[in-house]
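Participant: missing the sequence, but the structure's below:
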């Protein structure tokens, strides 16, 4: 794959939380932790149930 043909740009801010990867195109944006705020509590409840993480078993429900 020739990256020049796809006009791919680097993402200035990349961070992860509970195994999810977040990218922000604004280099001056607040940190992921600040941006998530109180939502971190809900993510911890859903995704932090075990040390081995979460695994999707079937197709997602839409």
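Facilitator: The structure has been received and is ready for your questions. From a predicted model like this one, the values you see are computed outputs, not experimental measurements.
Participant: where along this structure do the strands fall?
Facilitator: 13-17, 20-24 (DSSP state E).
Participant: Nearest to residue 7, out of those strands?
Facilitator: strand 20-24 (16.2 Å; CB to CB). The C-beta positions use only the backbone N, C-alpha and C, and glycine is treated the same way.
Participant: Which other helices and strands does the closest one contact?
Facilitator: Judged by 3 or more CB pairs under 8 Å, 6 or more residues apart in numbering; DSSP states H and E, the packing partners of strand 20-24 are strand 13-17, helix 32-36.
Participant: and the helix or strand of the chain with the lowest mean pLDDT, which residues are buried?
Facilitator: Least confident helix or strand of the chain, by mean pLDDT, DSSP states H and E, is helix 3-6 with a mean of 77. Across helix 3-6, burial judged by 16 or more other CB atoms under 10 Å covers no residue at all.
Participant: Contacts for that helix, please.
Facilitator: Residues outside helix 3-6 that contact it (CB atoms under 8 Å, 6 or more residues apart in numbering): none.
Participant: mind showing which ranges of the protein have poor pLDDT?
Facilitator: 61-62 (pLDDT under 70).
Participant: Check the offset of the helix ranked longest in it from the chain's centre.
Facilitator: For the chain, the longest helix by residue count, based on DSSP state H, is helix 39-47. Taking CA atoms, centre = their mean, to the nearest Å, one finds the center of helix 39-47 at 13 Å from the center of the full chain.
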